[in-house]
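**Student:** Predicted structure and sequence below. I'll ask about it afterward.
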Amino acid sequence: MSADQPTPSTTASDPQSSWLLWAFAAFWMVCVVAGLAIVWAYDNTPGQAGHSPAQWPAESGLARAIDGPTLILFAHPQCACTRASLGEFAEILARATRPPRTYVVFLKPIGFGLDWEKTDLWRTAAGLPGVRVIRDDEGVEAARFGVITSGQTVLYDETGALVFSGGITGARAHAGDNAGRASIVALLNQGGTDVSLTSVFGCALFAEVNGEVWRRR
Amino acid sequence: MTASVHPASVEPAVSITSRAAQIFAAARREIHERTDRLFAGLMAFQWLMGIIFALWVSPLAWDGPVSRTHLHVWAAVVVGGIISLFPALLAFLRPGLPSTRYVIAVAQMLMGALLIHLTGGRIETHFHVFGSLAFLAFYRDWRVLIPATIVVALDHLLRGFFWPQSVYGVLVASQWRWLEHAAWVLFEDVFLFVACRRSLAEMKETADRTAALEHEVRTRQQAELDARSARARNDAVLEVALDCVILMDEAGRIVQFNPAAERTFGYSTAEAVGTELADLIIPARKRASYRTGLGRYLATGDTENLNRHVELLAVRRGGEEFPVEVAIAPISSDGAAMFAGYMRDITARKQAERELRQSRDAERQNAGQLEALVSELRVTQRKAEAATRAKSEFLASMSHELRTPLNAIILYSELLQEEAGDNGHQSAIPDLERIQSAGRHLLDLINGILDLSKIEAGKMPLLLETFDVGAMVDELVDTVGPLVCKNGNTFSVRSEGALGSMFGDLTKTRQVLLNLLSNAGKFTREGAIMLDIRPATIDGTTPCVEFAVTDNGVGMTAEQSRKVFDAFTQADVTTTRKYGGTGLGLAIVSRFCDLLGGTVSVDSRPGEGSRFTVRLPLQVVDTAAEPATHAGIA
């Protein structure tokens, strides 16, 4: 007997049990693939697209840079998916040859306690060099910039014109190369890009009420 | 005293090759089952860790202020559970089976896919794939790497096509990039394949060595059992042996002393063992010679005094010397010289030999006396035979001398009768007739005596010729018919088939029948006399003619029948007086039948009659002369 020959089966497997086994295995495989497909589909389904104003909103409490672009990331402090966005945001800042004025705006809805927003995301954002972390009570600033999904990033140039709006991850919670990041880096470094609008993958910043996204106007 | 042997044996030995195969298969199965259990545990651990990770990293999904359980948590619970439970179940229900580990391999890779996803496609999580492949190699079955590799390749192919960032971390990937990932997996597979093969080869080698070791152990156990059995047999033989068996070491010290030796020499085994043989059972004056012979053997290997039977004197407890027959044989035990001594007390044999010698001497003496007696008897016999011959010769001579004057008396008595009749002297005729009758009776007697004497003297010649049996019988009937019928008897002759001819002595054949028929006529009154003739055999082989003379006359008793063929013997003395005769007729019949090579017998009952049966060979052989011609009965 060669050492590499299969081990003889010591359990008598009758044809019926073998058929059942393979049938169950096939069913199991279908279930697993279906489950994974649902997860993949969820992760790759973007949030609702917001419409950011073409010009810097004058009522915004954020100060726009006049000597360069201003980059703002809107985030839900409890959104796990936004962790990837923050990572990509840091990547953008790292790649930018001339860092823009940068804000990370964290939503704080009504009814939550003190420091509810001071999550690890907050701390991560605060740790990024040159980043100004802003608490956005009730999503006022988000509403001013037309943002309804966590992770949406907007870039205004020194004239206050919107040059980019969208997500900076390729999928929900998935870090890595993506169109949004590449576009912003290109805008910052080269001043132009072919893509100015991307899908945003993240949690909704506002709850839906009667089918409508509720936000303070 | 009893002794018994208990045969024992170990289990039948299987071949080393098949045993090695069994061990190898069992080891592989044990590894497969153990790895199945490990993977079952790993599956549960991964499932749990996936849930914990999902709860930690992304417990909730938010819609503004509203939260809900994140889908990743549900995915970790449900999809992770589906992935893990089925292979874990198989690991416990069907451990060790190929299908179980193939399902486990697929599940492990699917779990990797899920974990990669739950971690947001972190490239570090891809190490799960390589770790899983290494873990699968625990099975030491490279085939299990195949489904795992296929799952990884398909996962990368499909996800690379639809969601490349989830697997490659880039937005746009080459359609062939899955092959790069699969190639890295195959790269690891190659090493794992080699590792599995080497591991299996080592397991096989270990199984071979184990089987060989088991075989060696089994062989040694069998050898020990055989040795114990042999020792038990030897002990049993020694226990019941009638002869003394004494084992000695090279110094001549006793190491074994069987019960027969105990009985013969009067020492117990405990007393004898350890004692030098010479001191124990050899007379003091012989010990030096014994030790010299032992020393010579040990020094030179000279076996002159070994391996042969010798008779010696031994000594019992108490000093009694007695003869023994001894054979000493050198034996080898673990390289040390030993001796086996076989001794037998031959006191009784020596005594028997002495008695036998004495008996033989007496026999020889008796034999000499017997031989002298036999010689004496031979002399006596020769003398008796000589006397018999002399008697016969005398009788023959005397009969001849008597017949000459007797014939003259008979002749002259006839002449005198004729003359008395012619001369009218009727009164003298009866006396003359008595003289003639007495003379004829005397002549018959003399003729009979003469014939018997000739026969006994070996001087009765056979006149062999071919004659017709029927003609002989016809002539006989004509001659003897009146004599047979004279007492009112009837006489008949019966024959079976053609009688043909025979080669023999016509005169003696006729004389035999004549004597039997005249006797029948003489002892039968108003009865029936019959002569039956038929072909027959003597002793079932020699063709002959059977003549049977039957009468219903006075008959004879069995005692009389036994003596009727003896000379000068009739049924009883009254017979002679009543019927006359010489008592020689049947004796002559018997002698003639002997001369002709035939037989005669009688069957008779008193008052019922007699039947005399004569069988004469068709071809009589004269032992003194060659026959002239030969003829058959047909």
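**Tutor:** Yep, that arrived. Numbers count the residues shown, from 1 in each chain, chains lettered A, B, ... in the order given.
**Student:** only C-alpha atoms for contact and neighbour calcs from this point on.
**Tutor:** Noted.
**Student:** shaky segments in chain A?
**Tutor:** Within chain A, the segments meeting pLDDT under 70 span A:1-15, A:208-217.
**Student:** Now do the strands for it: every range, in order, please.
**Tutor:** With DSSP state E, the ranges of strands along chain A come out as A:70-75, A:101-108, A:131-137, A:153-156, A:162-166, A:208-209, A:212-213.
**Student:** in its sheet, what does the third one sit against?
**Tutor:** Read that as strand A:131-137. strand A:101-108 (parallel) (DSSP bridges).
**Student:** got the angle between the strand it pairs with and strand A:70-75?
**Tutor:** 20 degrees (axes from the mean of the first three to the mean of the last three CA atoms, to 10 degrees).
**Student:** And the helix or strand hosting residue B:322, what's buried?
**Tutor:** Using DSSP states H and E, residue B:322 maps to strand B:321-333. Under the neighbour-count criterion of 16 or more other CA atoms under 10 Å in any protein chain shown, strand B:321-333 has B:321, B:323, B:324, B:325, B:326, B:327, B:328, B:329, B:330 buried.
**Student:** Please apply the same query to stretch B:470-481.
**Tutor:** B:473, B:476, B:477, B:480, B:481.
**Student:** related to what we said a few turns ago, would you reformat the buried residues of strand B:321-333 as JSON lines and include distance to residue B:622 and pLDDT?
**Tutor:** Converted to JSON lines, those look like this (distance: CA to CA, whole Å; pLDDT from 0 to 100):
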{"residue": "B:321", "distance to residue B:622": "75", "pLDDT": "91"}
{"residue": "B:323", "distance to residue B:622": "69", "pLDDT": "92"}
{"residue": "B:324", "distance to residue B:622": "69", "pLDDT": "91"}
{"residue": "B:325", "distance to residue B:622": "67", "pLDDT": "89"}
{"residue": "B:326", "distance to residue B:622": "69", "pLDDT": "87"}
{"residue": "B:327", "distance to residue B:622": "69", "pLDDT": "87"}
{"residue": "B:328", "distance to residue B:622": "72", "pLDDT": "83"}
{"residue": "B:329", "distance to residue B:622": "72", "pLDDT": "84"}
{"residue": "B:330", "distance to residue B:622": "76", "pLDDT": "82"}
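**Student:** near chain A, from those residues?
**Tutor:** Among the buried residues of strand B:321-333, not one lies near chain A by CA under 8 Å from any CA of the partner chain.
**Student:** quick one: which of those residues is nearest chain A?
**Tutor:** residue B:330 (50.6 Å; CA to the nearest CA).
**Student:** ok, the closest one - contacts?
**Tutor:** Going by CA atoms under 8 Å, 6 or more residues apart in numbering or on different chains, residue B:330 touches B:306, B:307, B:337, B:338, B:339, B:340.
**Student:** and it, bridged to which residues?
**Tutor:** Per DSSP bridges, the residues bridged to residue B:330 are residue B:339.
**Student:** if I look at it, how far off is residue B:253?
**Tutor:** 14 Å (CA to CA, to the nearest Å).
**Student:** what residues does the stretch 1-150 of chain B put near chain A?
**Tutor:** Counting by CA under 8 Å from any CA, the stretch 1-150 of chain B sits next to chain A at B:21, B:25, B:28-29, B:57-66, B:71-72, B:75, B:78-79, B:82-83, B:86, B:94, B:96-98, B:103, B:110, B:114, B:117, B:120-122, B:141.
**Student:** Which residue, neighbours along the chain excluded, lies closest to residue B:613?
**Tutor:** Excluding its sequence neighbours, the residue lying closest to residue B:613 (CA to CA, 6 or more residues apart in numbering or on different chains) is residue B:548, at 4.3 Å.
**Student:** just checking, what packs against whichever strand or helix holds the one you found?
**Tutor:** Taking DSSP H and E as the criterion, residue B:548 maps to strand B:542-551. Under the contact criterion of 3 or more CA pairs under 8 Å, 6 or more residues apart in numbering or on different chains; DSSP states H and E, strand B:542-551 touches helix B:506-522, strand B:528-538, strand B:609-617.
**Student:** hmm, back to that, could you write me a PyMOL select line covering just the buried ones among the contacts of residue B:330?
**Tutor:** Entered in PyMOL, the line below selects the buried ones among these, by 16+ other CA under 10 Å:
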select buried, chain B and resi 306+338+339+340
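**Student:** Could you identify the most distant pair in the contacts of residue B:330?
**Tutor:** Greatest spatial distance among the contacts of residue B:330 (CA to CA): B:307 and B:337, at 14.6 Å.
**Student:** out of the buried residues of stretch B:470-481, which one sits closest to residue B:176?
**Tutor:** Nearest to residue B:176 out of these is residue B:473 (CA to CA; 141.1 Å).
**Student:** Could you dump the helices and strands packed on strand B:542-551 into CSV and include mean pLDDT?
**Tutor:** Shown next, in CSV, are the helices and strands packed on strand B:542-551 (pLDDT from 0 to 100):
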stretch, mean pLDDT
helix B:506-522, 89
strand B:528-538, 90
strand B:609-617, 93
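**Student:** deepest of the ones you listed, which one?
**Tutor:** Highest mean neighbour count of those: strand B:609-617, a mean of 23 (counted as mean count of other CA atoms under 10 Å in any protein chain shown).
**Student:** Strand partners (parallel or antiparallel) of it?
**Tutor:** Strand B:609-617 pairs in its sheet with strand B:542-551 (antiparallel), strand B:599-605 (antiparallel), by DSSP bridges.
**Student:** and it with helix B:506-522, angle?
**Tutor:** Angle, strand B:609-617 to helix B:506-522, by the same axes, to 10 degrees: 170 degrees.
**Student:** And for residue 203, the neighbour number?
**Tutor:** If you meant another chain, say so; for now it's chain A. Using other CA atoms under 10 Å in any protein chain shown, the number of residues around residue A:203 comes to 29.
**Student:** um, chain B though
**Tutor:** 19.
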